[in-house]
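Novice: Quick one, what's the 3D model for this:
(chains A and B)
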Amino acid sequence: DAGVIQSPRHEVTEMGQEVTLRCKPISGHDYLFWYRQTMMRGLELLIYFNNNVPIDDSGMPEDRFSAKMPNASFSTLKIQPSEPRDSAVYFCASRHPPSGQETQYFGPGTRLLVL
Amino acid sequence: KQEVTQIPAALSVPEGENLVLNCSFTDSAIYNLQWFRQDPGKGLTSLLLIQSSQREQTSGRLNASLDKSSGRSTLYIAASQPGDSATYLCAVRRPGGFKTIFGAGTRLFVKA
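Specialist: Next comes the predicted model:
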């Protein structure tokens, strides 16, 4: 298995532009998580999905952030409009169904820089 | 509100030394606690997961303990190696969902 796949790996954009981050979870995993990591705030859960349905989006910082999961093999995190303070590493993770292992498997992350 | 603290923030040890990383959490009502490893520029890799009903878990040279009542967990690394150099994060999952709170991590450097 290729693991969790994220794209792009690096993104540099200007303030005000729309940014879309993509994630492909491990096949057969029914939970998908989006995290943000910064030096100041550490690793924070933004939102998670179960069977493509958003379950908890209380970590989404503002209305500028939105996430979708149109099918079991694809999710996006969109920032519109982007701001310099959104600069961070964004991770996607997925996990087994309840009968399997508990642990989350993380992707390599997307390093976002907003100028 | 659950807060997770890791001490020390950074640690440098000579190869072969046994070491302990500490994690504390403010709310003892947890579902489980997990230790992760993060290499520079990479995602997180799960090392050990301890359910709230368990006291410890072991994997190779790693041993993690959990004392829920005191809000503490330790990660013990035996006979450290340069390849163990990474940041180690502790994460607590709350009951009734998948909300996971992470500590800031301990950056470990093992000198050859």
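Novice: What parts of chain B come near chain A?
Specialist: By CB under 8 Å from any CB of the partner chain, the residues of chain B that approach chain A are B:32, B:34, B:41-46, B:49, B:51, B:89, B:91, B:97-100, B:102-105. Where C-beta positions appear, they are placed from N, C-alpha and C, glycine not excepted.
Novice: Which pLDDT value goes with whichever residue of chain B sits closest to chain A?
Specialist: At 3.5 Å from chain A, B:Gly43 is the closest residue in chain B, using CB to the nearest CB. We note a pLDDT of 89 for B:Gly43 in this prediction.
Novice: Now for it: which residues touch it?
Specialist: A:4, A:91, A:93, A:106-109 (CB atoms under 8 Å, 6 or more residues apart in numbering or on different chains).
Novice: likewise B:Leu62?
Specialist: By CB under 8 Å, 6+ apart, the contact set of B:Leu62 is B:35, B:47-48, B:75-78.
Novice: What is the three-state secondary structure of B:Ser69?
Specialist: Each residue gets one of three states, and B:Ser69 gets coil by DSSP: H, G, I helix; E, B strand; the rest coil.
Novice: show me what contacts it?
Specialist: By CB under 8 Å, 6+ apart, the contact set of B:Ser69 is B:Ser28.
Novice: measure it to B:Ala29 for me?
Specialist: Here B:Ser69 is placed at a distance of 11 Å from B:Ala29 (CB to CB, to the nearest Å).
Novice: for A:Gln6, same thing?
Specialist: As for A:Gln6, its distance to B:Ala29 is 33 Å (criterion: CB to CB).
Novice: who's more crowded, the two?
Specialist: A:Gln6 (22 against 12; other CB atoms under 10 Å in any protein chain shown).
Novice: part of a strand, is the more buried one?
Specialist: Yes. Assignment of A:Gln6 by three-state DSSP places it within a strand.
Novice: hang on, isn't it packed against A:Pro108?
Specialist: Yes. Counting by CB atoms under 8 Å, A:Gln6 does reach A:Pro108; the two are 6.0 Å apart.
Novice: List the contacts of whichever residue of chain A sits closest to chain B.
Specialist: Of all residues in chain A, the one sitting closest to chain B is A:Phe106 (3.5 Å; CB to the nearest CB). Listed by CB under 8 Å, 6+ apart, the contact partners of A:Phe106 are A:4, A:91-93, B:43-45.
Novice: One more: B:Ala104?
Specialist: Shown in contact with B:Ala104 (CB under 8 Å, 6+ apart): A:42, B:5-6, B:9, B:89.
Novice: circling back: let me have the contacts of B:Leu62 in JSON lines, extended by secondary structure and distance to A:Asp30.
Specialist: As requested, the contacts of B:Leu62 are exported to JSON lines (DSSP: H, G, I helix; E, B strand; the rest coil; distance: CB to CB, whole Å):
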{"residue": "B:Trp35", "secondary structure": "strand", "distance to A:Asp30": "24"}
{"residue": "B:Leu47", "secondary structure": "strand", "distance to A:Asp30": "23"}
{"residue": "B:Leu48", "secondary structure": "strand", "distance to A:Asp30": "23"}
{"residue": "B:Leu75", "secondary structure": "strand", "distance to A:Asp30": "29"}
{"residue": "B:Tyr76", "secondary structure": "strand", "distance to A:Asp30": "33"}
{"residue": "B:Ile77", "secondary structure": "strand", "distance to A:Asp30": "33"}
{"residue": "B:Ala78", "secondary structure": "coil", "distance to A:Asp30": "36"}
